[in-house]
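# Okay, sequence plus prediction incoming.
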Amino acid sequence: MMNQKKVLRRFLRFNFKIMKTILGLNSEEAKKYFFKNSSYINFDIPIYFDFSELFLKLIAEIWNKNLNSLKNGIKARDCDCIKARDCEWVNYIFLNNKWWKYEWRPFEIIHPFLYVELVYLLTKEDNWNFLINKFDEFKNNWFINCLSLPVISETLNSNKAEQVLSWWENIEQESIILWLDYDYLFHTDITDCYSSIYTHSIAWALHWKEKMKKIKNRRNEDFLWNKIDNLLQDMSYWQTNWIPQWSNIMDFLAEIVLWYTDLLIKEKFEKEWFNIDNFKILRYRDDYRIFVNNSILWEKILKIISEVLSWLWLKLSRWKTKYSNDIIKSSLKEDKYEWIINWNSYKSLDKQLIIIKDFSEKHNNSWALLKILQEFNNKLSETKIKNTNVDFKVLISIIVNIMLHNPRTFPIFTAILSKILKVNDNWIELIWKILTKFEKIPNTGHLEIWLQRITLKLDSDYNNYNSEICKKVSNNNIELWNSKWISNKKIKKILKETKIVLEEKINELDLILSNEEVALFSSYEYLFI
């Protein structure tokens, strides 16, 4: 068993890395960044889904035109909607399990027209410079160190991989170093952060609450936020207590609120004469790490954070609030710490999966589990599968059991399944058994998307899936978004006829999923940092 010093040496073998964030881009660079497929949808989706052509056609059509003249037109005969916000399901939404049976999160694909409008609004040169300057104001906060702005990859890794690395290389390493100065580490986070954000609070962050509360300013579109607020309500049927999840542009808007929250917390600390030398706070999105030398101070800090969050209709999760006096061990997530000290303990194929299953039960849906599976998949070969003495159904049964409880693993497990199914003649029976098992669990649309990736190459006629996005693969006439509120016929035609599923990409794919499709990192060196 490794002691803490060995774990620490392994963990700190990489130097700190200064990540380039979105604030380092000019307005044109930011625009290109937001129009990338991986920015538009930042949950895992097969590579044959591509929205580039759709965005190009929309941009060409709306160029130098009044956008309000293209939408919000005469009331359609078959719809009561005059504006997008009068319609439900403007964005395409499907629910997916977060923690197996009992909690779901919405996977949301923003209506392309509204997304283009939002990107152009934010990245207009004057607006973008205003936002950069606003974050410069926020940076004057020495009480809370935030390390969660969207990052820009300058390596072979994707932006998503670099975002994960920014957690490991900055938050966790910084936490370990702070052990030299503090005795206790407290963890807490905001409950259902994105779905709880009060959209008007972005206006308060950008233009200050007292100013925006004045009646004359509430609908004044000279203020950037009022325009953003209108677009968010267009997406959400007038809702103001929610922002869509799973796109980088919404991560950026969420950070505006969270940095503003940090500033309010700082101001309250200053009023109560807190000594900054007595504590340190790190924040990564909605996750707070608080370092102190006594638990009494921690209670006071938690009270202030909770009060400030309540002013913005946010609250801390009592289930995820915990503390430790072993900062080095707690700085590494428990899942990572355990695997670092045990990662060479498995041998045969079925036993590997059993050990991974045991690990997944202790560290449900964790990033470390995802890294472990990536390594397992990279080492899994057709020869190794054929030479195993274990029945394929045993392997698949264990895999499906892990998948049921760990929705984050769907893409990488699909790659593993593709290798097993390739050498099995009864693949339809096995796919059917998998689907039947998952039918007992509601809201598994993300799994369907990935199982379809396999069956497309096994049998292109096999399309026994319920979600609209899966049906779109074989039938381009399926409409994902509600566009009845759009008055311009050309825009409607573009949305209806432009393909977002590229057949040439599907034809190029092998049955076995490549690392390009599912690997988070391009190199092994990042697996266990």
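It's in. None of the values given here were measured: they were computed from a predicted structure. Residues are numbered from 1 along each chain as shown.
# Which secondary structure elements does whichever helix or strand residue 186 is part of sit against?
Using DSSP states H and E, residue 186 sits in strand 184-189. Here strand 184-189 touches strand 287-292, helix 295-311, strand 322-324, helix 327-331, going by 3 or more CB pairs under 8 Å, 6 or more residues apart in numbering; DSSP states H and E. Every C-beta, even on glycine, is put in place using the N, C-alpha and C of the backbone.
# Dump these to JSON lines, plus distance to residue 402, mean neighbour count and mean pLDDT.
Listed next are the helices and strands packed on strand 184-189 as JSON lines, based on distance: least, CB to CB, whole Å; neighbours: other CB atoms under 10 Å; pLDDT from 0 to 100:
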{"stretch": "strand 287-292", "distance to residue 402": "25", "mean neighbour count": "21", "mean pLDDT": "91"}
{"stretch": "helix 295-311", "distance to residue 402": "35", "mean neighbour count": "16", "mean pLDDT": "89"}
{"stretch": "strand 322-324", "distance to residue 402": "25", "mean neighbour count": "13", "mean pLDDT": "77"}
{"stretch": "helix 327-331", "distance to residue 402": "25", "mean neighbour count": "20", "mean pLDDT": "61"}
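# Quick check: the spatially closest residue to residue 354 that is not a sequence neighbour vs residue 370, distance?
Among residues not flanking residue 354 along the chain, residue 398 sits closest, at 6.7 Å (CB to CB, 6 or more residues apart in numbering). Counting by CB to CB, to the nearest Å, the separation of residue 398 from residue 370 is 17 Å.
# where do the helices sit along the stretch 151-300 of the chain?
159-166, 173-177, 193-196, 200-207, 209-212, 215-218, 224-235, 248-271, 295-311 (DSSP state H, counting those that start in this stretch).
# Tell me which residues are up against whichever strand or helix holds the residue nearest to residue 354.
In this structure, residue 398 sits in helix 392-405 according to DSSP H and E. With contact meaning CB atoms under 8 Å, 6 or more residues apart in numbering, helix 392-405 is reached by 100, 349-350, 353-354, 356-357, 360-361, 364-365, 385, 388, 409-410, 413, 416-417, 420, 423-424, 430, 433-434, 437-438, 441, 447.
# Please spell out the PyMOL selection for the buried subset of those.
Buried residues among these (16 or more other CB atoms under 10 Å), as a PyMOL selection:
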select buried, resi 349+350+353+356+360+365+385+409+410+413+416+417+420+430+434+438+447
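# Looking at the contacts of helix 392-405, which are in helices?
When these are checked against helices (DSSP state H), the matches are 349-350, 353-354, 356-357, 360-361, 385, 410, 413, 416-417, 420, 430, 433-434, 437-438, 447.
# Could you grab the helix/strand/coil label for the closest residue to residue 67 other than its chain neighbours?
Closest residue in space to residue 67, ignoring its immediate chain neighbours: residue 117 at 5.6 Å, by CB to CB, 6+ apart. Recorded secondary structure, residue 117: helix (DSSP: H, G, I helix; E, B strand; the rest coil).
# Tell me how many other residues crowd residue 117.
Counted with other CB atoms under 10 Å, residues neighbouring residue 117 total 22.
# Also the one 4 residues further on?
Look at residue 121: counted by other CB under 10 Å, it has 16 neighbours.
# Distance check, the spatially closest residue to it that is not a sequence neighbour against residue 31.
Leaving aside its sequence neighbours, residue 121 sits nearest to residue 227 (CB to CB, 6+ apart; 5.7 Å). The spacing between residue 227 and residue 31, counted by CB to CB, is 16 Å.
# can you give me the end-to-end distance of stretch 90-110?
Using CA to CA, to the nearest Å, the end-to-end distance of stretch 90-110 comes to 8 Å.
# before we move on, what about stretch 439-449?
OK, stretch 439-449 end separation, CA to CA: 14 Å.
# got the buried residues for it?
Neighbour-count burial for stretch 439-449 [16+ other CB under 10 Å]: 443-449.
# which one of the residues you listed is nearest residue 476?
residue 449 (16.5 Å; CB to CB).
# Which of the three states applies to that closest one?
With three-state DSSP as the criterion, residue 449 reads helix.
# ditto for residue 477
Per three-state DSSP, residue 477 ends up coil.
# count of neighbours near it?
8.
# Ignoring the adjacent residues along the chain, who's closest to it?
That would be residue 496: by CB to CB, 6+ apart, it lies 7.5 Å from residue 477.
# is the closest residue in space to residue 244 that isn't next to it in sequence in a bridge, and if so with what?
Of all residues not flanking residue 244 in the chain, residue 108 sits nearest, at 4.3 Å (CB to CB, 6+ apart). Under the criterion DSSP bridges, residue 108 forms beta bridges with residue 93.
# Quickly note the distance from residue 108 to residue 196.
15 Å.
# Show me how the record splits the protein into domains.
Recorded structural domains for the chain (assignment: automatic domain parsing) are 4-57+127-331, 336-526.
# Just the element for residue 134, please.
Here residue 134 is assigned to helix 125-138, by DSSP H and E.
# So which elements touch that helix?
Short answer (3+ CB pairs under 8 Å, 6+ apart): helix 125-138 packs on helix 27-34, helix 112-123, helix 200-207, helix 224-235, helix 248-271.
# let's see it at 6 Å
Using 3 or more CB pairs under 6 Å, 6 or more residues apart in numbering; DSSP states H and E as the contact test, the elements touching helix 125-138 are helix 27-34.
# pLDDT (mean, whole number) over the helix it packs on?
When pLDDT is averaged over helix 27-34, the result is 96.
# Next, the buried residues of it.
Neighbour count says helix 27-34 has 27, 30-31, 33-34 buried, by 16+ other CB under 10 Å.
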